[in-house]
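# sequence unknown, structure follows:
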């Protein structure tokens, strides 16, 4: 499937079209209030709705959020089970509203490890919102950048082995067609909350030329106002993509 093209012109708004967010700090936010970590995850889920709803007014067409990584299985069984329950309830609760708000929902990541009920809800959410033409919300669930690239490379290798693809035709435009994000434009801006300054295996290939913002705000405290200020900062940046301005 062809990758979405960036059709903006020089006269288009300077804000980011696609924003990706590493939503970090839920557990610490809860612990600071003397509550269990899952309390923070529930607060973080509510924050997602506010930020997605703000996207149209802010000119953001695509948003990708990092909900659960391939490494998060290492957390306690209680926390993982609580997160999986939260994801199921979130999908059931939010999808009707997302349809009303014209939000298209997609999921990326390695689905087979997720339980059957959750996978079915993910499929249903994608089908329910497939006609929506507003904000594109992509949820990375059981996702890891290296895992994604390895899965894509395996599929590419299978096509070469079967003769569907010639080795000499493989270039840097080929692999993205096999990635989970093949229908999405690359992110323009990647935000990580909670004061951590690393990308944690998120959108490794896609964010090669993205701008980054690492902020101290914990995700449950990430408001529309904070988001707006970050977008303003992005608009002031000089993005040269390796070139030199005259």
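Sure, I can see it. Here the structure is a predicted model, which is why all the values come from computation and not from measurement.

# Sketch out the low-pLDDT regions of this protein for me.
Applying pLDDT under 70 to the chain picks out residues 1-13, 238-246.

# Show me where it has its helices.
For the chain, applying DSSP state H gives helices covering 26-31, 37-58, 77-100, 116-128, 145-162, 224-235.

# Residue 160 versus the nearest residue to residue 143 once chain neighbours are set aside, what's the distance?
Sequence neighbours aside, residue 109 is the residue nearest to residue 143 in space, at 3.5 Å (criterion: C-beta to C-beta, 6 or more residues apart in numbering). Yep, even glycine has a C-beta here, placed from its N, CA and C like the rest. According to C-beta to C-beta, to the nearest Å, residue 109 stands 25 Å off from residue 160.

# Please apply the same query to residue 215.
Residue 215 sits 42 Å away from residue 160, going by C-beta to C-beta.

# Residue 191 too?
Distance, residue 191 to residue 160, by C-beta to C-beta: 37 Å.

# For these two, indicate the residue with more neighbours.
Applying other C-beta atoms under 10 Å to residue 191 and residue 160 shows that residue 191 carries more neighbours, namely 27 against 15.

# Test of understanding: give the bridge partners of the most centrally placed residue in the chain.
The residue lying closest to the centre of the chain (C-alpha atoms, centre = their mean) is residue 64, at 2.3 Å. Residues found in beta-bridge contact with residue 64 (criterion: DSSP bridges) are residue 20, residue 138.

# What of the one 4 residues further on?
Under DSSP bridges, the beta-bridge partners of residue 68 are residue 141.
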